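> return a 3D structure for these sequence lines:
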Amino acid sequence: MLHITKESEGSRLSPKAITSMETGKNTEDHLKAHKMKKKILRKQVRAQHTLMRHEGIECISHATQSLVIANAGLGNGMSRHQLHRIVDNYGVVETLLMPPNKPYSFVQYESTEEAKKAFDALNGKEVTLEDFDQNIVLYCNFVGKVFWKNSVPTSLPPDLKVIEDIISPEEERKMLESIDWRGDENTQTAQKTLKHRRVKHFGYEFRYDNNDVDKDNPLPGGLPEICIPFLEKCLKQGYIKHKPDQLTVNQYEPGQGIPPHIDTHSAFEDEIISLSLGSEIVMDFKHPDGHTVAVMLPRRSLLVMTGESRYLWTHGITPRKYDVIQASELGQKVGTITADVRDLTLKRRETRTSFTFRKVRRSSCNCIYPSVCDSQKGQQRQAEPSFPHNEMEASELEQQYVHKVYEEIATHFSSTRHSPWPRVVEFLRSLPEGSIVADVGCGNGKYLGINRDLYMVGCDRSKNLVDICGEKDCQAFVCDALSVPIRSGSCDACISIAVIHHFSTAERRLAAIRELARLLKPGGTALIYVWAMEQEYKNQKSKYLKEKHGSKDKEEESSTGTSQRLLDDQKHDRSSQGSACSDRLLDDSEDKGCAAKPVADSRLPVHTNRTSFHSQDMLVPWHLKGGIKKKGAVVDEASLAGCKESQELSPVFHRYYHVFREGELEAACRSLDCVRILKNYYDQGNWCVVLEKL
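So this is what the prediction gives:
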């Protein structure tokens, strides 16, 4: 029985007071709800801006079948499995798109009503990320139908292999148990240096301060005995050709990684193999042109890097606690991670230990990637010519790095020049029957027989290329493109295909165009092709860049230009000189700049083939296949790269090129008052113009 004292009776609130308190509480709740709505609206607007900035997709105010859910992306740590379970509560999900590394996802329902139901339930809803025990708030917006490009499966980097299940689980256990991480002073020192992982070295210690090994001070004990049977297996199966003598063991906890790097060329031989134990991992490979490939390394798999993948591509592990992988292949086998937004999810990392075996190099590296080779860097800088500052230097540069080179590589060069470019063929076939046409810089004469209704004659600076024209029964002679021994005004048309970019100053390039105009009759036309600085134009990569991982027999000039990833110390001290002078025809105000004193180091960079250009003036390598075919030929060492014993059968020649920026070729043509531009266009990595003689 409840007893109420007088004091307690006196303290009871009146109905009016209770009503007042309830009103106050309702007002407070109303204010909180109002503030929350404003916060959600503010977050929605921010999510809309992010989506527009990242994807160019605009959110809409009315309900549709499709939602974008901010904070529910792979980049936030939301797995596909969890998100699908959340959105599945409100209707039939037709599509769930999760872009890699983005903080949002797209969901499309079967009906608008279902999407609206999900919007009302999820907008501002707090959820807990299952794998991270972290709370996040979801924010929703309606979008139109989302179209996503089908991702093209990515191939492994060239010369890279991943062999699955190279060892058994029992062998894995024994190898892991053989590494004792406790109480090792050397390990502690390494940990202080590296911070992000534990490391041990066997055979030779790898020094992270100079990225090299002390070849004269091997570590006692050599490689662990337990590794010997494994290495013998690799030799027997042909995965490696030389038995490694250096081992680095790295242990990575979830969230740890290793920065992108290329193993020092001069420190180790070509083959580098790495065994993944304890867990799988996604390793990122990156080409100098920016192209990246994410490669899954399954548990107990062997990564084999040789050739291009070892010398040119960087490899690294992004420090994170989860990897983005294919949802359809959890526990995925070896392969690249295709960015298919309909099939990506997260996989939490576990402790992984890698055994990386290398063979210490006893001589300097002589690979075909000088721009990233520490052995060739000093030698290369001494051999590189400087940018020309006067007519004499320009002529000498072209003689050494254009004329002499084409004489030496003529046979091999001709073997790669058999497919006429379609739009050049179109131009020649559009000419009236009986037209007299000069092909200035005809090379091996591949255009001289395109249209039998024309009277075509070719000329080229290379005698050996002209001889090849003769073998094809084509009419051609040797001359310089700046002085063609043909009577003025005698040609109905001229073509100059991939020639003018070999002239090393703006004045000489203009003179070459003027010489073409001199040959033309009034009303005659000329087609000019030059390599473009822009190898990616209107969001489309040139055919040249797309084929960079294809046939190695295709050299640079296959209908597009090549490119250069400069060494870090080249980026600032080399490109400014060439770029300033190359632009002088675009803006008269730059004339004085081109005449200014050269920068401290104006040597021409040697570029890496089949990557994007980073300098307008450069040396392009030509890797001669099958050696020099002219018996008794004298090769000038200045135009050869890396004349060492291992390259005597396959020397590398350097050719000078100036690649044209957009508008540069037209500006040069417009500076001549004797011609007008009928047409200008971009064709697979080349800038092109059609001129008419006035």
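> for stretch 85-98, buried residues please.
86-87, 90-91, 93, 96-98 (16 or more other C-beta atoms under 10 Å). Using the backbone N, CA and C atoms, a C-beta is placed for each residue, glycine as well.
> which ones among those lie within strands?
Judged by DSSP state E, the buried residues of stretch 85-98 include 93, 96-97 as members of strands.
> sorry, back to before: same list (the buried residues of stretch 85-98) but as JSON lines, adding pLDDT and distance to Glu225.
Output for those, formatted as JSON lines (pLDDT from 0 to 100; distance: C-beta to C-beta, whole Å):
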{"residue": "Ile86", "pLDDT": "92", "distance to Glu225": "53"}
{"residue": "Val87", "pLDDT": "91", "distance to Glu225": "55"}
{"residue": "Tyr90", "pLDDT": "93", "distance to Glu225": "61"}
{"residue": "Gly91", "pLDDT": "92", "distance to Glu225": "62"}
{"residue": "Val93", "pLDDT": "88", "distance to Glu225": "55"}
{"residue": "Leu96", "pLDDT": "87", "distance to Glu225": "51"}
{"residue": "Leu97", "pLDDT": "86", "distance to Glu225": "51"}
{"residue": "Met98", "pLDDT": "84", "distance to Glu225": "47"}
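> out of those residues, who's nearest Asn451?
For the buried residues of stretch 85-98, the closest approach to Asn451 (C-beta to C-beta) belongs to Leu97, at 51.3 Å.
> partners of that closest one in the sheet?
Phe106 (DSSP bridges).
> does it really touch His84, like I thought?
No. If you go by C-beta atoms under 8 Å, Leu97 and His84 don't touch, sitting 11.6 Å apart.
> could I get the full set of strands for the stretch 401-550 of the chain?
For the stretch 401-550 of the chain, strands defined by DSSP state E, counting those that start in this stretch occupy the ranges 436-440, 455-460, 476-478, 491-497, 520-531, 536-537, 540-541.
> rank these by pLDDT, which is bottom?
Averaged per stretch, pLDDT over those is lowest on strand 540-541, reaching a mean of 81.
> so how far is that one off the chain centroid?
12 Å (C-alpha atoms, centre = their mean, to the nearest Å).
> show me the contact partners of it.
Residues from elsewhere that reach strand 540-541 (C-beta atoms under 8 Å, 6 or more residues apart in numbering): Gln535.
> sheet partners, orientation included, of it?
strand 536-537 (antiparallel).
> any chance you could map the strands in the stretch 251-400 of the chain?
Using DSSP E, counting those that start in this stretch, the strands of the stretch 251-400 of the chain run over 258-261, 268-277, 281-286, 292-297, 302-305, 314-317, 322-326, 335-336, 344-348, 352-360.
> Lys174: which of the ones you listed is closest?
Nearest of the strands of the stretch 251-400 of the chain to Lys174, taken as C-beta to C-beta: strand 268-277 at 10.4 Å.
> what strands line up against the strand or helix carrying Lys679, and which way round?
Lys679 is part of strand 675-682 when elements are defined by DSSP states H and E. Applying DSSP bridges, strand 675-682 is found paired with strand 686-693 (antiparallel).
> mean confidence for the strand it pairs with?
97.
> CA atoms only: put that strand into CSV for me.
Written as CSV, here are the backbone C-alpha positions of strand 686-693 (Å, rounded to 0.1, in the frame of the first residue of the first chain):
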residue,chain,number,x,y,z
ASN,A,686,49.9,13.2,-84.6
TRP,A,687,49.0,16.8,-85.4
CYS,A,688,48.1,17.1,-89.1
VAL,A,689,47.4,19.9,-91.6
VAL,A,690,46.5,20.2,-95.2
LEU,A,691,47.9,23.3,-96.9
GLU,A,692,47.0,25.0,-100.1
LYS,A,693,49.5,27.1,-102.1
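> what does it rub up against?
For strand 686-693, the external contacting residues (C-beta under 8 Å, 6+ apart) are 423, 427, 498, 513, 516-517, 520-532, 559-561, 660, 662, 664-666, 669, 674-682.
> among those residues, the buried ones, what's the ChimeraX command?
Listed next is the ChimeraX selection for buried residues among those, using 16+ other C-beta under 10 Å:
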select :423,427,498,513,516,517,520,524,525,526,527,528,529,530,531,532,559,560,561,660,664,665,666,669,675,680
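> how about low-confidence regions in the stretch 251-400 of the chain?
Scanning the stretch 251-400 of the chain for pLDDT under 70 picks out 326-343, 378-384.
> again, only this time at 80
289-290, 324-346, 371, 377-384 (pLDDT under 80).
> what about Thr154, neighbour count?
Thr154 is flanked by 16 other residues according to other C-beta atoms under 10 Å.
> oh, I was asking about Gly278
Count around Gly278 with other C-beta under 10 Å applied: 18.
> separation between it and Ser301?
Applying C-beta to C-beta, to the nearest Å, the value for Gly278 to Ser301 is 12 Å.
> then Met98?
Separation of Met98 from Ser301 (C-beta to C-beta) stands at 26 Å.
> Lys233 too?
Per C-beta to C-beta, Lys233 is found 14 Å from Ser301.
> so these two - more neighbours on which side?
For Lys233 and Ser301, the more surrounded residue by other C-beta under 10 Å is Ser301, and the numbers stand at 21 against 14.
> that one against Lys161, yeah?
No. Taking C-beta under 8 Å as the definition, Ser301 is not a contact partner of Lys161, at 10.0 Å.
> which residues do these two both contact?
By C-beta under 8 Å, 6+ apart, no residue touches both Ser301 and Lys161.
> what about Leu397, neighbour count?
With other C-beta under 10 Å as criterion, Leu397 counts 21.
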